[in-house]
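Enquirer: Pasting the sequence and the predicted model now:
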Amino acid sequence: DAGVTQSPTHLIKTRGQQVTLRCSPKSGHDTVSWYQQALGQGPQFIFQYYEEEERQRGNFPDRFSGHQFPNYSSELNVNALLLGDSALYLCASSLPGRIAKNIQYFGAGTRLSVL
Amino acid sequence: AQSVTQPDIHITVSEGASLELRCNYSYGATPYLFWYVQSPGQGLQLLLKYFSGDTLVQGIKGFEAEFKRSQSSFNLRKPSVHWSDAAEYFCAVGLYGGSQGNLIFGKGTKLSVKP
């Protein structure tokens, strides 16, 4: 049973560029959440997708956008990269439902470095 | 605003000794409660969760946690630590209502294990 998979593992970009990160959820899961984990910090919620729509959003600017595909996989896009966007980006998947969507399974993350 | 506090940034224990990692939360009601572990270069692995009922929760790898409503705490314990337990540990809360699925994490406690 494949867990949550993310690609790429590492990425180096320069300021002002755009980046796309990808996530495939755990088998049977249809809800995908994205988190940003800065060095030395806990993960911070960016947004959540279910049924191909953004359902919730954390306190992140519009430069952060996402998409969910019919097969439940998801992309995180960040435009106009800033140095402060350097972080580990984590994808988590869950089942829908009031309680179930809180039980989130995480991928290994994509390490983004902005130079 | 909701928050999670992990007072200890770094803890060192000897192998075979007992362990307790502290977690306090700030929320108007009893949230869903979680402990995750993150090894270097890895994503987050769910250790255990609390939704309701028995306040002592058993998890994987021999970990347990106790919910104390009066103290707004959810401390993680292990009776005998193994060298492989060295990692970073995150406490998280999940909220009711419109923010379901938006996990709020503490800043983490790094655990080192002495031989």
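Expert: Good, I have the coordinates. Numbering: from 1, shown residues only, chains lettered A, B, ... in the order given.
Enquirer: Where does the prediction get shaky in chain B?
Expert: For chain B, applying pLDDT under 70 flags the ranges B:96-100.
Enquirer: how about 90 then?
Expert: B:1-2, B:27-31, B:40-43, B:51-54, B:94-102 (pLDDT under 90).
Enquirer: Write out the residues of it neighbouring chain A.
Expert: Residues of chain B lying close to chain A (Cβ under 8 Å from any Cβ of the partner chain) are B:4, B:32, B:34, B:36, B:41-46, B:49, B:51, B:90, B:92, B:94, B:98-108. Backbone N, C-alpha and C define where each C-beta goes, glycine included.
Enquirer: excluding its backbone neighbours, what's nearest the residue nearest the centre of chain A?
Expert: Centrality entry for chain A: nearest residue to the mean C-alpha point is A:Trp34, 2.9 Å, by Cα atoms, centre = their mean. Setting aside the residues directly before and after it, A:Trp34 is nearest to A:Ile46 in space (Cβ to Cβ, 6 or more residues apart in numbering or on different chains), at 4.3 Å.
Enquirer: and the gap between that neighbour and A:Gly109?
Expert: A:Ile46 sits 13 Å away from A:Gly109, taking Cβ to Cβ, to the nearest Å as the criterion.
Enquirer: Between those two, which is the more surrounded one?
Expert: A:Gly109 (26 against 23; other Cβ atoms under 10 Å in any protein chain shown).
Enquirer: tell me the contacts of residue 57?
Expert: If you meant another chain, say so; for now it's chain A. Going by Cβ atoms under 8 Å, 6 or more residues apart in numbering or on different chains, A:Arg57 touches A:Ile46, A:Phe47, A:Gln48.
Enquirer: My question was about chain B, not that one.
Expert: Here B:Val57 is in contact with B:Leu48, B:Lys49, B:Tyr50, B:Glu64, B:Ala65, B:Glu66, B:Phe67 (Cβ under 8 Å, 6+ apart).
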